[in-house]
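1. Sequence unavailable; structure follows:
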């Protein structure tokens, strides 16, 4: 998710000239635009989860507003409940949604990162990918056998779990993966795209870009094939070797495979992309994949409560078809209408409460900045 998000969003920035002045969205409006895409489905999943499985402890209810605001993974928080269980804030309610909270933090730095890489060379961007991949070893060193917890003399379970959450479900554990996505977008553009006007290499002043797939190296044009073959080799022949390095592979160790697949799919000439990814069934699955991921445990939990699970093979067999239908309905009747409503409102210049809130916050920030500038000469 973090590699893909960094790649797609930075490409959207790098493929057009940098905007300045009034043409550039403010940070708050940029975050709002990103949330418009992901938040409706997330909120729906949270409502469903709370409806059939409300919090059973004070800690769960305290964390609910943080989940609603997508702040649950900003800081690793774990606590022992009155029943003796240890709960971690990132994985409460719809635990799969923790990555959305982390993405919000990364979005704050996306545009500065994209502008930084706009002026970087192919060598620098490639070296960044290598460094990001090697940095994944840091989490193996810190997480395996609770090394960091032991180093900090963290003996109780709450402390050790908080460290594990910091590695596995917080911005600290995946910032390098997000940066790798931005660097991969720059590599893709330098190797597989050209200036639309000059037909030459992309430069800082380039206004429009076009795909030039034949200029890309063979291993990237067939990146999906090479990437999935490498992944299959790891799964089939190196499973025993991989297991001791869980934290490395969990926190970025698979970057070479993922970058190959990502750039290969972006170039579009790979047979897997042409024959499979662009097929109609895969396009439909791609449209609802986000909702499938968010709703998987929500739907499974409801089916388990209503019909049982372990003792009912029929329910287990029906789960995947039910998830596909449920995700499609959520996308068709909730996510799509909301997106269309937002476009309709933007086209007509209709302001909502979110626009007014952003205007108020931006005005407040401007007044505070002006007062600080006015106070500085007086103090001097």
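-> Sure, I can see it. Since the model is a prediction, treat every value here as computed from it, not as a measurement.

2. CA only for contacts and neighbour counts going forward, please
-> OK.

3. Going by neighbour count, which residues in stretch 283-298 are buried?
-> Buried residues in stretch 283-298, defined by neighbour count with 16 or more other C-alpha atoms under 10 Å: 285, 288, 289, 291, 292, 294, 295, 296, 297, 298.

4. swap that for stretch 318-332, please
-> By 16+ other C-alpha under 10 Å, the buried positions in stretch 318-332 come out as 319, 322, 323, 324, 326, 327, 328, 330, 331.

5. Give me the mean pLDDT for that stretch.
-> For stretch 318-332, the per-residue pLDDT values average out at 93.

6. farthest pair in the buried residues of stretch 318-332?
-> Greatest spatial distance among those (C-alpha to C-alpha): 319 and 331, at 17.9 Å.

7. ok, how many other residues are close to the residue lying closest to residue 61 once chain neighbours are set aside?
-> Distances taken as C-alpha to C-alpha, 6 or more residues apart in numbering put residue 55 closest to residue 61, at 5.7 Å, once the chain neighbours are dropped. Residue neighbour count, defined by other C-alpha atoms under 10 Å, stands at 17 for residue 55.

8. On the three-state scheme, residue 55 is what?
-> Secondary structure state of residue 55, per DSSP: H, G, I helix; E, B strand; the rest coil, is coil.

9. Quick check: pLDDT value at it.
-> Here, the pLDDT recorded for residue 55 equals 71.

10. Kindly report the same for residue 374.
-> At residue 374, pLDDT is 69.

11. wait, residue 172 sits on residue 166?
-> Yes. Using C-alpha atoms under 8 Å, residue 172 is in contact with residue 166, at 6.5 Å.

12. got the residue ranges for the strands in the stretch 151-300 of the chain?
-> For the stretch 151-300 of the chain, the strands defined by DSSP state E, counting those that start in this stretch cover 193-195, 209-211.

13. and of those, who's closest to residue 27?
-> strand 209-211 (25.5 Å).

14. per-residue confidence averaged over that closest one?
-> Strand 209-211 comes out with an average pLDDT of 90.

15. if we can go back for a sec, tell me how far the residue nearest to residue 61 lies from residue 82.
-> 13 Å (C-alpha to C-alpha, to the nearest Å).

16. Could you do residue 246 as well?
-> 32 Å.

17. Of those two, give the one with the bigger neighbour count.
-> residue 246 (15 against 11).
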